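below are the sequence and a predicted model for it; my questions follow.
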Amino acid sequence: MHHPLPLPDAVTALDRTLVMGVVNVTPDSFSDGGEWFTPDAALRHGLALLAEGADLVDVGGESTRPGAERVPEDEELRRVIPVIREFASRGVPVSVDTTRAAVAEAAIASGAVIVNDVSGGLAEPEIHQVVARTGAVYVAMHWRGHADVMDELAVYDDVVTDVRTELGRRVAELRAAGVADRQIVLDPGLGFAKPGSANWPLLSRLDELLSDGFPVLVGASRKRFLGHLLARDDGRPVSPLERDHATAAISALAAAAGAWCVRVHEARGTADAVRVAAAWNGARNVGEDAR
Ligand code: PMM
């Protein structure tokens, strides 16, 4: 097993895959239509996710939806900082979903304990220095370019090998910036510069990514490839809100495979799923001991 990440005891003591609830403070998130745009609404939504079984919340102010435009930095700060401060003041472990060094820095100063960077540092390499200096946990996601161009960059030889190689470069950069291995989490970046079919090997071969020795976060929730998987007879993908059961099924499988955390928009199904996986794996170990 991995060394515990530098996170509050309430989180590290949990002997199962963690559930990260998504709190998008954006008017245009692909999956929840910006229902949680005001700080107040975002706070209420996050508290509901926690009540349904999320262990931590991931607060983001910039949509990464394919084709989305960038949000100015001051606007991103205005969206996320008040929400992060509120959660932190209530003792909730908070992650900030940002690719910007200044947003990461302000978020940590406001109580965030995880920097979730979908670019792995490619967008603003200085973010690695912020993480080194503050000791925060850092999620390095596999990424090849911003939302406006990422679909053009979705070309792989073997997607699992290529993702591992590229994440290995991010780890080298993090180490060079002074970030300790025990701060690092890796994420295959489902749906980011990935054609639909590329997402499945990243999931079914999660053991290969885990074999690199870092905790792994999986973010499959409500993504397009699930909409296509569940398409109706007319071939149209099901809507984001109709992807939650499939998301929970992936949470169970990813947790059974050893994922450290799953990032989801709907917490209840996944909270149950990670407990099923823990019991499943726990019983196998007992069985092995008894034989
Ligand atoms: N996906 C989205 C946003 N942030 N962060 C990580 N670490 N992993 C992901 O897969 C991920 C992410 C896109 O989904 P959203 O727009 O619904 O939040």
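Perfect, I can see it now. Because the structure is predicted, anything quoted here is derived from the model rather than measured.

would you map the strands across this structure?
Assigned by DSSP state E, the chain shows strands spanning 18-24, 56-60, 94-97, 114-117, 137-141, 184-187, 217-218, 261-264.

dump the residue contacts of the closest residue to the ligand within the stretch 101-250 of the chain.
In the stretch 101-250 of the chain, the residue that lies nearest the ligand is G219 (2.2 Å; CB to the nearest ligand atom). C-beta coordinates here come from the backbone N, C-alpha and C atoms, glycine included. By CB atoms under 8 Å, 6 or more residues apart in numbering, the contact set of G219 is 141, 187, 189-191, 262-263.

ok, now P66?
Contacts of P66 (CB under 8 Å, 6+ apart): 30, 147, 150-151, 191, 224.

need the buried ones from those selected in ChimeraX.
Filtering the contacts of P66 down to the buried ones (16 or more other CB atoms under 10 Å) takes a single ChimeraX command:
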select :30,147,150,191,224
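
for R169, state which of the contacts of P66 is nearest.
The closest of the contacts of P66 to R169 turns out to be M150 (CB to CB; 17.6 Å).

surely that closest one meets A123?
No. Assessed by CB atoms under 8 Å, M150 is found out of contact with A123, at 11.9 Å.

pLDDT weak spots in the stretch 51-200 of the chain?
Within the stretch 51-200 of the chain, no range satisfies pLDDT under 70.

hmm, the longest helix seen in the chain touching the ligand?
When the chain is parsed with DSSP state H, its longest helix is helix 267-290. No. Helix 267-290 is not in contact with the ligand by CB under 6 Å from any ligand atom; minimum separation 13.7 Å.

again, but for stretch 147-160
No. Judged by CB under 6 Å from any ligand atom, stretch 147-160 and the ligand are separated, with a smallest distance of 9.5 Å.

buried ones in that stretch?
147, 150, 154, 156, 159-160.

which of those residues lies closest to R284?
Nearest to R284 among the buried residues of stretch 147-160: V160, at 24.4 Å, using CB to CB.

ok, and the closest non-adjacent residue to that closest one?
R205 (4.8 Å; CB to CB, 6 or more residues apart in numbering).

and the contacts of G219 near the ligand, which?
Checking these against the ligand (CB under 6 Å from any ligand atom), the matches are 141, 187, 189-190, 263.

ok now stretch 159-173, how far from the chain's centre?
Centroid separation for stretch 159-173 versus its chain: 17 Å, with CA atoms, centre = their mean, to the nearest Å.
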